[in-house]
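Q: just need the structure, nothing else, for what follows:
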Amino acid sequence: MTNKIEFKINEFKNLNKYPKDLFYRGNLDLLKKQKVSIVGTRKPISYTKNLTYTISSLLSTRDICIVSGGAMGVDAIAHQGAKSNNTICILANGLNIKYPKVNKNLLTSIENEGLLLSTYKDDTLATKYSFVLRNELVVALSDILIIMQADQNSGSIRSLEYALKMNKKVYTIAHRIEDNKGLIPYIKKGLVEVIYDINEFINSIKTNKNENDDDEILNYLKTNPSYEEAIFKYQDKIFEYELNCIFKVENGICKVIY
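A: Numbers count the residues shown, from 1 in each chain. Below you'll find the predicted structure:
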């Protein structure tokens, strides 16, 4: 069932014009999470497909919500990598319409477990203009935009231009020149940063996970226990915190990364 959002979404307040209406199906709590938007061509090469899924999945395991537009290609893969319960999909049509049809099962899964958003009432069909507005909202909802692969004069380039106007950080992955022609001019100007090492990139993103003062494990780690003691006390949870770069080990001692 489609519902109307009755509050202002903070990330949309910086738009030139706040949407007159916003409709949703799913879990609004995802809006409270740290978010990264991932977009790109509808016809990605195999290399792009693999890295899109990998990056989306790794970010999601750090409790970062993935935002995209539900289109074929990169969008769909980004949603899949995040899993349906940790992704937000912004559509260019009414939420009762599952478009494109090839993504019907994916969109239904996101509706049931994640979050679908739209500025359009049920039964409204997508138009060229609604896709442009959808792209702007996808960019606005996150602090970071990753464009996995882009053709010249594509919707992804329009998304990039929105991101630059909003002072968002924009990234892409390392490609052969012919496979990412749309982004080459922006890379040359230093407006788009290239990801050469995925793990290094993932670790560079500061997450909000486990920063609550009520976090028992985090509070324990702040006492600088030995790594051995921490593992004995909390077992696998310590490995999870270490993987998420919540703390580091120096000379056998746990030190929280602030």
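Q: hey, C-alpha coordinates of the helix or strand where Y47 lies in PDB?
A: Applying DSSP states H and E as the criterion places Y47 in helix 46-61. Extracted C-alpha coordinates of helix 46-61, given in PDB (Å, rounded to 0.1, in the frame of the first residue of the first chain):
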ATOM      1  CA  SER A  46      30.900  -8.000 -17.100                       C
ATOM      2  CA  TYR A  47      33.700  -6.200 -15.200                       C
ATOM      3  CA  THR A  48      31.300  -3.400 -14.100                       C
ATOM      4  CA  LYS A  49      28.600  -5.900 -13.100                       C
ATOM      5  CA  ASN A  50      31.000  -7.800 -10.800                       C
ATOM      6  CA  LEU A  51      32.400  -4.700  -9.200                       C
ATOM      7  CA  THR A  52      29.000  -3.100  -8.700                       C
ATOM      8  CA  TYR A  53      27.800  -6.100  -6.800                       C
ATOM      9  CA  THR A  54      31.000  -6.300  -4.800                       C
ATOM     10  CA  ILE A  55      31.100  -2.700  -3.800                       C
ATOM     11  CA  SER A  56      27.400  -2.600  -3.000                       C
ATOM     12  CA  SER A  57      27.700  -5.700  -0.900                       C
ATOM     13  CA  LEU A  58      30.700  -4.600   1.000                       C
ATOM     14  CA  LEU A  59      29.200  -1.200   1.800                       C
ATOM     15  CA  SER A  60      26.000  -2.900   3.000                       C
ATOM     16  CA  THR A  61      27.900  -5.200   5.300                       C
END
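Q: so what secondary structure elements neighbour that helix?
A: Helices and strands touching helix 46-61, as assessed by 3 or more Cβ pairs under 8 Å, 6 or more residues apart in numbering; DSSP states H and E, comprise strand 35-39, strand 65-68, helix 74-82, strand 169-173, helix 198-204. C-betas here are computed from N, CA, C, even on glycine.
Q: one more time with 7 Å
A: Here helix 46-61 touches strand 35-39, strand 65-68, helix 74-82, helix 198-204, going by 3 or more Cβ pairs under 7 Å, 6 or more residues apart in numbering; DSSP states H and E.
Q: tell me which residues in the strand or helix carrying Y220 are buried?
A: Per DSSP H and E, Y220 falls inside helix 216-221. Within helix 216-221, the residues scored as buried using 16 or more other Cβ atoms under 10 Å are 217-218, 220-221.
Q: just stretch 166-185 next, same as before
A: Within stretch 166-185, the residues that count as buried by 16+ other Cβ under 10 Å are 166, 168, 170-173, 175, 179-180, 182-184.
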